[in-house]
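Student: Fold the following.
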Amino acid sequence: MLSARGFTMSILSQDLQYMVGEPISPAASLSSLMHGLIKSDQSMDAAWFSTEGLMYVDGSHVFYTIQNGDSIEIYSKAPVLQLALPPHLSS
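Tutor: Model prediction:
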């Protein structure tokens, strides 16, 4: 996310940082909903109202086909990533 105009987060954070990469409407790009955080106890619902499209997750490698009327729930309840961290990063 940092290389895509995101911000640095704690490696221990359970929040999910999101960013809309290419908003359909130019006016939408001014909205505060285009980039933010979903806290671990929150979710975000999005509805798709165009004929068809693709939703990319984590860059260009993982994507889902979406079509008119699809509803998407986004949340941060993924399994915790297990890492071996040096002491100065794990506190």
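
Student: Spatially central residue for the protein, please.
Tutor: residue 18 (2.9 Å; C-alpha atoms, centre = their mean).

Student: For residue 18, give its distance to residue 45.
Tutor: Distance, residue 18 to residue 45, by C-beta to C-beta, to the nearest Å: 13 Å. In short, each C-beta sits where N, CA and C put it, glycine included.

Student: tell me, what's touching these two both at once?
Tutor: Common neighbours of residue 18 and residue 45, counting by C-beta atoms under 8 Å, 6 or more residues apart in numbering, are residue 74.

Student: still on that earlier bit, how about the residue nearest to the centre of the chain, what does it touch?
Tutor: Residue 18 sits in contact with 35, 36, 37, 38, 44, 74, where contact means C-beta under 8 Å, 6+ apart.

Student: Other residues contacting the host helix or strand of the third one?
Tutor: Counting by DSSP states H and E, the element that carries residue 37 is strand 35-38. Residues from elsewhere that reach strand 35-38, judged by C-beta under 8 Å, 6+ apart: 5, 6, 15, 16, 17, 18, 19, 20, 44, 74, 75, 76.
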